[in-house]
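> Quick one, what's the 3D model for this:
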Amino acid sequence: MARSLAVLAFACAALLASAAASRGGVGASCAPDTAEYDCKLGLICESGQCANCISDAQCGDSQRCLPASDARNGLFCQHKPLFPDFDGTDLLGTLLAFLAGAVAAAAGIGGGGLLVPMFILILGFSAHSGIPLSKATIFGGAIANFIVNYPKRHPTADRPLIDYDVALVMEPMTLGGTIIGVLLNKMLPSYLIVFLLVILLGYTTKRTYQKAVATWRKEAEAERLAEAEPSEDSPAPTTSAPNRTVDGTERRGLLSASLEDDDLEDDMFDGTVRDRSRSTSKETLETILEEERHTKVSKIVLLFLLWTGMTLFSLIKGGEGARSIANIECGTVPYWLVIIWTFPFLGGATWYVARYLKRRHELKVSVNYPFHDGDVQWSENNLTKYPLLSIIAGIAAGLLGIGGGMVKGPLLLELGVLPLVQSATAAFMILFTSSSTMVQFLILGMLKLDYALWFAMVGFLSALCGQLALGILLKRYRKTSIIVFALTLVIGLSTVFMGYAGVKQVVEELRVGRTEGFESICA
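The predicted model follows:
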């Protein structure tokens, strides 16, 4: 997984450095058959030159000749308004988005890989417009997922199901990655975005399927062993399965530790000191366990403050959809300084959280904390690896229109997090990633507000239904591998549909003998 993410990042950097022809503005030369590749988005080819439209008849079937976000730019061919022009295509798109959102919610992800091709192939949006719309849909689903998952408890420990520590480590740098991803989405041609998406999702599908099979076999083996256990008349064991420390050695559980402590001899010279040490450790452990029983609201508040900071930076930077509140012009030195300074802000927050988690983990180890299967060990290596991979997940989210869950969900599984915890935690992080990316797209003028509000509502309702269906399945079959198989299904279907959309676009470009070029961020 880490290797595939690194390849994606390298590919993006290399492609940005490549020279390619940009599409022309008003007055540039064009041909009617290749206007889509000769002229900038929204322009038509009139008398051999790129020009603004003057009537709906000059635009495509699902488009209308409408004013741009900046009225000084004239009229452009844009996707039709949702109302009052709601038609059969919009109804079909709504139904398909609902189904995709329900399945994605069960897997704990947004489902952008299913939504983007649907918006492109069914509703007629371009990749540049379909990706921002998918973010709005994912955001609606993320709200519903959080409402459902917030009160749930961990399957083996007395604490919340959502792992807020994982979210605190991964989400700040994911938000930073979305900045790069959104800018890349603005610059790269549509076929290249689709190509990168298929590569990433194809590899992720393979890895997630392998994890699903491994999880299913593990659960089947556990079920077989449970059936072979002695009857209820047999003496029950006094302790659970041994927990593990960072290096994999056995750790005593709280109950067994207490029992053994009672049997230790009290040495006449250092017995009092030892008793005090054991008493202090026990009190510290009990304090930690009591704290973990409850959701620490301060962690959610910290993530919200980071999100607010990201939004403020975006408003200062500005774009086509909303002028800079500091009157900063796109492409100027202040514009790039605002973008650059975002990363020390998010990096500082990540460093602060990493220090906190490292100290807390060392404290847990010192008091024989009973770690559970799937708990993340906050070693130096993990506190470095998680944020770095999160940057690339954020780039993928902003560039490719996926909620980040398609990357971080499988990544958490690779790192040993339990499927139920992975699903809830990834969905929680998507709430911040999708909303932050959606706001950036809105500021850049790339999001149609009427469609965004409609499909955000569709995403919300579909996620509620998906969570309800998942609860029924888990209660009946008692296998969390269902979640991993659902994740594999969504990612696999996303790969197929995005592959189809990409091949269709390449064939059309070969037919006319032209391809899209790279765009300027400020175009």
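> can you give me the mean pLDDT across the helix ranked longest in the chain?
Counting residues, the longest helix in the chain under DSSP state H turns out to be helix 190-227. For helix 190-227, the mean pLDDT works out to 79.
> which stretches of the stretch 51-200 of the chain have low pLDDT?
69-73, 127, 190 (pLDDT under 70).
> Go again with 80.
60-62, 68-74, 79, 85, 106-113, 126-129, 178, 182, 185-198, 200 (pLDDT under 80).
> where along it do the helices fall?
88-107, 112-121, 127-149, 164-187, 190-227 (DSSP state H, counting those that start in this stretch).
> helices or strands up against the fourth one?
The reference is to helix 164-187. helix 2-17, helix 127-149, helix 297-317, helix 333-366, helix 380-400, helix 405-414, helix 419-443 (3 or more C-beta pairs under 8 Å, 6 or more residues apart in numbering; DSSP states H and E). (C-beta placed from N, C-alpha, C; glycine too.)
> buried set for the next helix-or-strand element following the last one?
What that stands for is helix 419-443. Using DSSP states H and E, the helix or strand that follows helix 419-443 in sequence is helix 449-477. Under the neighbour-count criterion of 16 or more other C-beta atoms under 10 Å, helix 449-477 has 451-452, 454-456, 458-460, 462-467, 470, 474 buried.
> ditto for stretch 300-312
Quick answer for stretch 300-312 (16+ other C-beta under 10 Å): 300, 302-303, 306-307, 309-310.
> how about these in CSV, adding distance to Tyr150 and pLDDT?
Listed next are these as CSV, based on distance: C-beta to C-beta, whole Å; pLDDT from 0 to 100:
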residue, distance to Tyr150, pLDDT
Ile300, 9, 88
Leu302, 16, 88
Leu303, 14, 86
Leu306, 19, 85
Trp307, 17, 84
Gly309, 23, 85
Met310, 22, 80
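> on that earlier part again, so what's the gap between the longest helix of the chain and the chain middle?
Here helix 190-227 is found 17 Å from its chain centre; the criterion is C-alpha atoms, centre = their mean, to the nearest Å.
> and that helix, what does it pack onto?
So helix 190-227, by 3+ C-beta pairs under 8 Å, 6+ apart, packs with helix 2-17, helix 112-121, helix 127-149, helix 380-400, helix 405-414, helix 481-512.
> Compute the inter-axis angle for that helix and helix 164-187.
160 degrees (axes from the mean of the first three to the mean of the last three C-alpha atoms, to 10 degrees).
> hang on, the earlier thing: quick check: which of the helices and strands packed on helix 190-227 is nearest to Val26?
Val26 sits nearest to helix 127-149 of all the helices and strands packed on helix 190-227, at 18.9 Å, using C-beta to C-beta.
> And that closest one, what does it pack against?
Using 3+ C-beta pairs under 8 Å, 6+ apart, helix 127-149 is in contact with helix 88-107, helix 112-121, helix 164-187, helix 190-227, helix 419-443, helix 449-477.
> mind running it again at 6 Å?
helix 88-107, helix 112-121, helix 419-443, helix 449-477 (3 or more C-beta pairs under 6 Å, 6 or more residues apart in numbering; DSSP states H and E).
> Provide the count of other residues in contact range of Phe485.
Number of residues near Phe485 (other C-beta atoms under 10 Å) recorded here: 20.
> hmm, I was thinking of Pro419
Neighbours around Pro419, by other C-beta under 10 Å: 28.
> With Arg64 instead?
Neighbours of Arg64 (other C-beta under 10 Å): 17.
> Ok, the one 4 residues further on next?
Ala68 has 15 neighbouring residues, counting by other C-beta under 10 Å.
> Tell me which residues touch it, please.
Phe76 (C-beta atoms under 6 Å, 6 or more residues apart in numbering).
> Next one: it from Cys77, what distance?
11 Å (C-beta to C-beta, to the nearest Å).
> Over to Gln467?
In terms of C-beta to C-beta, Gln467 sits 39 Å off from Cys77.
> cool, Thr342 as well?
From Thr342 to Cys77 the distance is 34 Å (C-beta to C-beta).
> do the same with Glu36
10 Å.
> now Ser379
For Ser379 relative to Cys77 (C-beta to C-beta), the value is 54 Å.
> the more surrounded of the two?
Set Ser379 next to Cys77 and count neighbours by other C-beta under 10 Å: Cys77 wins out with 20 against 13.
> ok, the more buried one - contacts?
42, 53, 59, 63.
> Now for the first one, how many residues are close by?
Which is Gly42. 20.
> from now on call the first residue 678
In the new count, where the first residue is 678, that last one comes out as Gly719.
> That one: what secondary structure?
What DSSP: H, G, I helix; E, B strand; the rest coil gives for Gly719 is coil.
> Please state the backbone phi and psi of it?
phi 90, psi -20 (degrees, to the nearest 10).
> The third one now?
When quoted as degrees, to the nearest 10, the phi and psi of Cys736 stand at phi -100, psi 180.
> Against Leu718, how distant is it?
12 Å.
> Repeat that for the second one.
Relative to Leu718, Cys730 is positioned 12 Å away (C-beta to C-beta).
> who has more neighbours, those two?
Cys730 (21 against 17).
> who's the closest residue to the more buried one other than its chain neighbours bridged to?
When the adjacent residues along the chain are set aside, Cys730 lies closest to Cys742, with 4.0 Å between them (C-beta to C-beta, 6 or more residues apart in numbering). Taking DSSP bridges as the rule, Cys742 bridges to Cys754.
> Quick one: neighbours of Lys895, just the number.
Count around Lys895 with other C-beta under 10 Å applied: 12.
> Then Leu798?
There are 16 residues near Leu798, going by other C-beta under 10 Å.
> buried set for stretch 732-742?
735-736, 739-742.
> farthest pair in those residues?
Gln735 and Ser739 (13.8 Å).
> In contact with Val1116, which residues?
988, 991.
> any idea how far it is from Asp1127?
17 Å.
> Next: Asn822.
24 Å.
> What of Val780?
26 Å.
> One more: Leu873?
29 Å.
> Ok, Thr972 next?
36 Å.
> Then Ile965?
Going from Ile965 to Asp1127 by C-beta to C-beta gives 49 Å.
> Quick check: the gap between the residue nearest to Ile1159 when sequence neighbours are not counted and Lys829.
The shortest distance from Ile1159 to any residue other than its chain neighbours is 5.4 Å, reached at Leu1150 (C-beta to C-beta, 6+ apart). Leu1150 sits 15 Å away from Lys829, going by C-beta to C-beta.
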